[in-house]
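**Student:** Return a 3D structure for these sequence lines:
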Amino acid sequence: MRLGLYVEAYVLIILVTLRLRASGGRSVFHAAPHPERPTRRYSAAEEERIIEAARRALHLAECTIPIRLSCLQRALVLQQLLGRRGIASRLRIGVRLRGARLDAHAWLEHRGRVLHGSPDHTSQYQPLQATSDTVPFP
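**Tutor:** So this is what the prediction gives:
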């Protein structure tokens, strides 16, 4: 893995965390354009290599930073890492009812595939309809 990608993930964790805390989470759907369409063309193998490198960089940065990340923070950081490389992704937020409790979960998808977490876990949540195509951009 490139050191630059790790440093970028580390800084994005800090920026996304500060942005979410400052806005109370309201900025999730009210900021920079959401990269749902790719801005660069890669072969399938190259695209997969970039996605895996970004996932590894996020994991390593998360292991070394003294911040416990939520699923939303992880999804937003990974989306920014991929978007900066021209790879499209979609932020999904879902809910489920467990007894009298409403749980929420966020994840990132690329071409219908869950990029972080377990597809078995995300399938337990009913995705909400997107109200906007924007996410916070540090």
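
**Student:** rest of the way, CA atoms for contacts and neighbours
**Tutor:** OK.

**Student:** which regions of the protein lie under the pLDDT threshold?
**Tutor:** 1, 25-38, 130-138 (pLDDT under 70).

**Student:** what about 50?
**Tutor:** Applying pLDDT under 50 to the chain flags residues 31-33, 131-138.

**Student:** For it, which segments are assigned as helices?
**Tutor:** Taking DSSP state H, the helices of the chain run over residues 3-23, 44-64, 71-83, 119-122.

**Student:** Out of these, the one nearest residue 95 is which?
**Tutor:** Of all these, helix 119-122 sits nearest to residue 95, with 9.5 Å by Cα to Cα.

**Student:** What residues sit buried inside the closest one?
**Tutor:** Neighbour-count burial for helix 119-122, counted by 16 or more other Cα atoms under 10 Å, picks out residue 122.

**Student:** count of neighbours near residue 76?
**Tutor:** Residues lying near residue 76 (other Cα atoms under 10 Å) number 24.

**Student:** Against residue 63, how distant is the spatially most central residue of the chain?
**Tutor:** For the chain, the residue nearest the mean C-alpha position is residue 75 (1.8 Å; Cα atoms, centre = their mean). Per Cα to Cα, to the nearest Å, residue 75 is found 16 Å from residue 63.

**Student:** contacting residues for the residue nearest to the centre of the chain?
**Tutor:** By Cα atoms under 8 Å, 6 or more residues apart in numbering, residue 75 lies in contact with 91, 106, 107, 108, 116.

**Student:** Can you turn the buried part of these into a ChimeraX selection?
**Tutor:** Selection of buried members from these for ChimeraX, criterion 16+ other Cα under 10 Å:
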select :91,106,107,108,116
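
**Student:** now the residue nearest to residue 85 when sequence neighbours are not counted: how far from residue 2?
**Tutor:** Once flanking residues are discounted, residue 85 sits nearest to residue 40: 7.5 Å by Cα to Cα, 6 or more residues apart in numbering. Separation of residue 40 from residue 2 (Cα to Cα) stands at 20 Å.
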